[in-house]
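In: Structure here, sequence nowhere to be found:
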């Protein structure tokens, strides 16, 4: 079975994000970078499928040089090889460009099932999985919490409000992973050692032969408004203080 | 702040910026297969595992119910949450991080394994002791056991299917190991029948694994008394059949487990060997070489306990720091507006407590890590002189690492509780438990007093003082570098003077041991701590030297990190290392009041 897992490198959720002064993006020098958690579910599911049915897992990642760490992490978890799409031409890529680039790389490989996270936690766009499916003209199963592989087809579960959908499709197909699909394994020490020796193919835009012009551009990155300072109500009389809190909640916060 | 539990940034600083392992170790035998990326992935994986999996199991009380090892119907049960942890720990390969590929290990440098251990211990010492002791016991089997079962036992232990312990202490033989009463009687097939009782055996019995290997000290019948007559045996909890499968209970019974001040999750057992005369053990090493063999494990455990001292201090400090930034109380003393209340980190005395914690934690962490670095330097040595130099470094550092890191660790734990105020004394916050857990580290693996005697009586005089002077020379070389760069001029001079005071005092003590031994014997523990204060002064100069160089191009959080290193160095050296010459002067005085005072005069 030929399994593909697409991964993106994103800032750690604990990282302190600073927006660049000109609003052109975030300061990325000192951030800790990690594998997008939804992509981790995809990698785990890919590894589970491989363990059950044989075959191999290829991780495909688009990102700058540092994204190699994320590919190595997936290899340390147990993936077999990697493709790193790395080119400054992709610096301002949107989901359309990323989806097409990943699809172009996947096209050159045998592929039965392609896993993506349902979205990346940095830009929250949630489009890349669908873009890949469109570019490759494959069925897409999104926001999946269970995958059952049955030879030539796959059955998945997608939770919806108050119910679940059981969806079936033929292979190859694209599956986007939702929280709850599985519990990603930790990279083991032997896995980390082996990861170094696994092959990673680095490709640039021209090797893939795709356009890099984004259809959508981020015009500006705006930090969330600073939290206004809290207000401390002083006084000795609890009743007066409570009355003041009630007044502020009604008149200033308009919460009641 | 990234984490209240682990300090990953400081680990990377020590490994890459202070020790520069990329230049010094990686890519060279026996670390030729390792590189910086790999090391960073390992550190990252350890931090993630510690924070996400181990830390949630830390509290020894949940909803006012104890989380502890339980003794019931003759069996010991580890806390439920430890079972999953043990499995994950073993599967991830953490039992053999720095071990030889021949036993399934990854052969990483010891400093890397130590950095991982620091993070595991910072998140749950009681749990981490189970794999820690197992590893130590497995190393003994690897080095000294020449039985057909050897390969099988090693595989089981390094993969976490079986566990291990360390059985020295007996009810009548604690610090005085030579007084042990456990006996061994040779069987016709070459095995031995073991009879006796061991107590205070950490991780002595539990249900985490299908079998447990006990290295047991015992005296073969007819062998001389004292430590010279002691041998060491591999005693499995369950018998091992000729084909390697597990048989019946090997007449090893748990008498009880202790109810302790801390580390509740770890079972501290009394083990009865051979109550029915059927407990079989297998000799490790040669007859009457038990102490020599056991010292291999004891040294590893002593260094490990030093790391426990560092780890608990580190997580307590990080908790206290987060609390001090968050807890609003009182107004800023310079702004004098009682209506504007501020986080307590703005108060001078809270800052004093925090900087004392920070500089102590970071100093003892480097001291401890330096000992592991010395092990790697020894492994990577290219000639005998270098091997001996680094072996000597380990010899002299081991008692200091064990005693000083746990002693100062407790100082930090105390200040962490103090930073929280009344809340720190309550079980609602983990610093209370951390302080209780820390206390054992000054006691087990040879009390800190035993370490002080080891330093004074054995280590200082080894090779006529060569090892001691080698360490002093390393420190002096470090200071010379700082001096040539003009970094921390005053502080460097203070550390220099402290080093001289340590050398003079050591020499005077050597003389006094012959003429007035009570003076150095009463002073031994204080002397060890003075030595620690001095070494940590040197380590702070070292860190500040690196930080000063890096500061030039640093921005944002990185800039703060390096500035913190320099301020920490100034604080520690001026307030702690600076006292060493005065303290040494006092220790050399002929004040033997502690011996003159009659036992009755201690209290009637």
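Out: Ah, there it is. Here the structure is a predicted model, which means the values were calculated and not measured.

In: From here on, just use CA atoms for contacts and neighbour counts.
Out: OK.

In: domain parsing for chain A?
Out: Domain ranges of chain A: A:2-208, A:226-256, per automatic domain parsing.

In: Looking at these, spot the one closest to residue B:218.
Out: The closest of those to residue B:218 is domain A:2-208. By C-alpha to C-alpha, the value is 37.1 Å.

In: thinking again about what came up before, which one of the domains of chain A has the lowest average pLDDT?
Out: When the domains of chain A are compared by mean pLDDT, domain A:226-256 comes last with a mean of 85.

In: How many neighbouring residues does the residue in the stretch 101-250 of chain A that chain B sits nearest to have?
Out: Minimum separation of the stretch 101-250 of chain A from chain B (C-alpha to the nearest C-alpha) falls at residue A:188, amounting to 4.1 Å. Using other C-alpha atoms under 10 Å in any protein chain shown, the number of residues around residue A:188 comes to 23.

In: Residue B:59 falls within a helix, correct?
Out: No: per DSSP: H, G, I helix; E, B strand; the rest coil, residue B:59 lies outside any helix segment and is coil.

In: what's the pLDDT at the closest residue to chain A within the stretch 101-250 of chain B?
Out: Closest residue of the stretch 101-250 of chain B to chain A, C-alpha to the nearest C-alpha: residue B:106 (6.7 Å). Reading off the confidence values, residue B:106 has pLDDT 94.

In: In three-state terms, label it for me.
Out: Going by three-state DSSP: residue B:106 is coil.

In: list the buried ones in stretch A:55-64?
Out: Buried residues in stretch A:55-64, defined by neighbour count with 16 or more other C-alpha atoms under 10 Å in any protein chain shown: A:56-63.

In: ok, back up a step: which phi and psi does the residue of the stretch 101-250 of chain A closest to chain B have?
Out: In terms of degrees, to the nearest 10, the main-chain angles of residue A:188 are phi -90, psi 160.

In: circling back to that earlier point, check the buried residues of stretch A:55-64 against residue B:9 and report the nearest one.
Out: The nearest one, if we look at these relative to residue B:9 and count by C-alpha to C-alpha, is residue A:63, at 24.4 Å.

In: okay but that closest one is in contact with residue A:92, surely?
Out: No: at 10.6 Å, residue A:63 does not count as touching residue A:92 under the criterion of C-alpha atoms under 8 Å.

In: Assumed residue A:138 was part of a strand.
Out: No: read with three-state DSSP, residue A:138 is coil and lies in no strand.

In: Could you pick out the residues of the stretch 151-256 of chain A near chain B for me?
Out: Counting by C-alpha under 8 Å from any C-alpha of the partner chain, the positions of the stretch 151-256 of chain A adjacent to chain B are A:186-190, A:192-193, A:196, A:234.

In: Please repeat the previous calculation with a cut-off of 10 Å.
Out: Residues of the stretch 151-256 of chain A lying close to chain B by C-alpha under 10 Å from any C-alpha of the partner chain are A:185-196, A:231-234.

In: Filter those residues down to the buried ones and hand me the ChimeraX line.
Out: ChimeraX command restricting these to the buried ones, with burial defined by 16+ other C-alpha under 10 Å:
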select /A:186,187,188,189,190,191,192,193,194,195,196
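
In: Report the two of the residues of the stretch 151-256 of chain A next to chain B separated the most.
Out: Spanning the widest gap among those are A:194 and A:234, at 62.2 Å by C-alpha to C-alpha.

In: got a markdown table for the buried residues of stretch A:55-64, with distance to residue B:563 and secondary structure too?
Out: Output for the buried residues of stretch A:55-64, formatted as a markdown table (distance: C-alpha to C-alpha, whole Å; DSSP: H, G, I helix; E, B strand; the rest coil):
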| residue | distance to residue B:563 | secondary structure |
| --- | --- | --- |
| A:56 | 48 | strand |
| A:57 | 45 | strand |
| A:58 | 44 | strand |
| A:59 | 40 | strand |
| A:60 | 40 | strand |
| A:61 | 37 | strand |
| A:62 | 36 | strand |
| A:63 | 33 | coil |
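
In: In TSV, list those residues along with distance to chain B.
Out: Shown next, in TSV, are the buried residues of stretch A:55-64 (distance: C-alpha to the nearest C-alpha, whole Å):
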residue	distance to chain B
A:56	21
A:57	20
A:58	20
A:59	18
A:60	19
A:61	18
A:62	20
A:63	18
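
In: Tell me who's in contact with residue 56.
Out: Looking at chain A here, since you left the chain open. Residues in contact with residue A:56 (C-alpha atoms under 10 Å, 6 or more residues apart in numbering or on different chains) are A:1-4, A:46-47, A:49-50, A:78-81, A:111.

In: nope, chain B please
Out: B:50, B:81, B:123-124.

In: quick one: which of those residues has the most company?
Out: residue B:123 (31 neighbours).
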